[in-house]
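Visitor: Sequence unavailable; structure follows:
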């Protein structure tokens, strides 16, 4: 019998994409979580920081009742404060580590099981990017140690594109895997999130990237991107799937097939998978949710028709 997608993975929703302003007013993130639960398809959540303690506790209580995992992303709070975990300036790097560690307690209060971070902007001199990645590795070790304090959290690092749009220090999947391996040598746990848009913008093959990251892969983001430098949406704009971008339902199906084959998808692990689609001004959140829902279901159905999903 063909398995349902939910039997081998946890379809997730990125609150910060579907409700981009939810953190700006108390109660809006909680209301978004409640709307997702009413929708009835998604079983994992990611939020950016939630500034309000009462709301964090309410979300923790709700998700605990449902048994759904939350990834608490510190990207915005670091970026907006001018912080940079890969900074060549030692004082700013140290302050960035301190802020990330404080964010762990916020994540615990929100009931998160994982916390996500990224590197900062790449140095102006391309020759210094490798050193910035080393600085990131230096920063991640104390955050990993703090994350392992009870109640323990998983720490995820997400590589972004280095040269096209986001222009972060950490770019290639192999670089992120090397950071995870370095943490493991210190007896620490560090995982990676792979995002299809960033991998493609870095010139990576998606199937090879997925296989390379597999031993440390905590979650996966299906994200569309435009690769034509002449196009106005060239880069990582979190577009709906399909043209003018290169990630469509068929591409997601191919990645799902690889996920099954390498054991990333499976009934024991059921990893969180997310569609990264940003709500535009003309859209309603429920339309974005439905687009993500339909894209995942259609991709899985394509795979099932090939006899690969059962």
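Guide: Happy to help now that I have it. Quick caveat: nothing in here was measured; it's all calculated off a predicted structure.
Visitor: And the helices in this protein?
Guide: Counting by DSSP state H, the chain has helices at residues 15-18, 28-39, 53-66, 75-80, 90-109, 129-147, 173-185, 196-201, 206-213, 249-261, 285-305.
Visitor: Out of those helices, which one sits most buried?
Guide: helix 196-201 (a mean of 26; mean count of other C-beta atoms under 10 Å). To be clear about C-beta, it is placed using only N, CA and C from the backbone, and glycine gets the same treatment.
Visitor: What lies in contact with that one?
Guide: 158-161, 163-166, 171, 173, 206, 209, 221-225, 227, 235-236, 238, 246-247, 251, 255, 276 (C-beta atoms under 8 Å, 6 or more residues apart in numbering).
Visitor: The same query, at a cut-off of 7 Å, please.
Guide: 159-161, 164-165, 173, 206, 209, 221-225, 227, 235-236, 246-247 (C-beta atoms under 7 Å, 6 or more residues apart in numbering).
Visitor: filter these to the buried ones?
Guide: Neighbour counting by 16 or more other C-beta atoms under 10 Å classes 159-161, 164-165, 173, 206, 209, 221-225, 235-236, 246-247 among these as buried.
Visitor: from the residues you listed, which ones fall inside strands?
Guide: Among the buried ones among the contacts of helix 196-201, the residues falling in strands (DSSP state E) are 221, 222, 224, 225, 235, 236.
Visitor: from the residues you listed, which single one is nearest residue 39?
Guide: residue 222 (17.9 Å; C-beta to C-beta).
Visitor: mind listing what the closest residue to residue 166 other than its chain neighbours touches?
Guide: Leaving aside its chain neighbours, residue 166 sits nearest to residue 160 (4.3 Å; criterion: C-beta to C-beta, 6 or more residues apart in numbering). Residues in contact with residue 160 (C-beta under 7 Å, 6+ apart) are 118, 166, 168, 170, 171, 198.
Visitor: For residue 65, see how far away the last one is.
Guide: Yep, that's residue 198 we're talking about. 34 Å (C-beta to C-beta, to the nearest Å).
Visitor: circling back: spatially, which two of the ones in strands among the buried ones among the contacts of helix 196-201 are the most separated?
Guide: So, these by C-beta to C-beta: farthest apart are 222 and 235, at 16.7 Å.
Visitor: burial measure for the nearest residue in space to residue 228 that is not next to it in sequence, as a count.
Guide: Computed as C-beta to C-beta, 6+ apart, the closest residue to residue 228 that is not its neighbour in sequence is residue 234, at 6.1 Å. Residues contacting residue 234 under the criterion other C-beta atoms under 10 Å number 16.
Visitor: where does the protein have low pLDDT?
Guide: 1, 308-310 (pLDDT under 70).
Visitor: thinking again about what came up before, want to throw the helices of the chain into TSV with distance to residue 271?
Guide: Formatted as TSV, the helices of the chain follow (distance: least, C-beta to C-beta, whole Å):
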stretch	distance to residue 271
helix 15-18	19
helix 28-39	18
helix 53-66	17
helix 75-80	20
helix 90-109	19
helix 129-147	19
helix 173-185	15
helix 196-201	15
helix 206-213	11
helix 249-261	8
helix 285-305	13
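Visitor: Quick one: closest of those to residue 47.
Guide: In terms of C-beta to C-beta, the element of the helices of the chain nearest to residue 47 is helix 15-18, at 4.6 Å.
Visitor: any residues touching the closest one, and which ones?
Guide: With C-beta under 7 Å, 6+ apart, helix 15-18 has contacts from 22, 29, 32-33, 45-48, 238, 276-279, 285, 288-289.
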